[in-house]
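I need the structure of the sequence given here:
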Amino acid sequence: MGMRCQHFAETKEPAVVEMTLPMSLLTFWRVFMADDRSEVAWNAFHREIGYSDNKISQWKVSSERCCCSRQLSFIVPLTHPLGTEERFSA
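Numbers count the residues shown, from 1 in each chain. The predicted model follows:
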């Protein structure tokens, strides 16, 4: 590992996410990203915001050995109707 990911898309502007967390980066990694405990943290977070049926896979190294990935899946409840108001009138 250590080489540039073969799946990396070159762009003029890299994607950047900024947020303030009540923990250090190392703690965030250990709680939300590391395999050994992250499922507990993600399940608690999703449960708190109303998501259900949470599933998370272990990290897998790509066949090119340039990056790792994992799958997260969950059900998000909809809080608004899908369609016009007239469609749902009884």
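
what's the closest non-adjacent residue to the residue positioned nearest the centre of the chain?
The centroid of the chain falls nearest to residue 72 when counting by Cα atoms, centre = their mean (6.0 Å). Of all residues not flanking residue 72 in the chain, residue 56 sits nearest, at 5.1 Å (Cβ to Cβ, 6 or more residues apart in numbering). Bear in mind the C-beta positions are built from the backbone N, C-alpha and C, glycine included.

I figured the one you found hits residue 42, correct?
Yes - the criterion here is Cβ atoms under 8 Å, and residue 56 meets it with residue 42 at 5.6 Å.

hey, what's in contact with both of these two?
Common neighbours of residue 56 and residue 42, counting by Cβ atoms under 8 Å, 6 or more residues apart in numbering, are residue 72.

which stretches of this structure form strands?
Listed in chain order, the strands of the chain (DSSP state E) span 52-56, 60-61, 68-69, 72-75.
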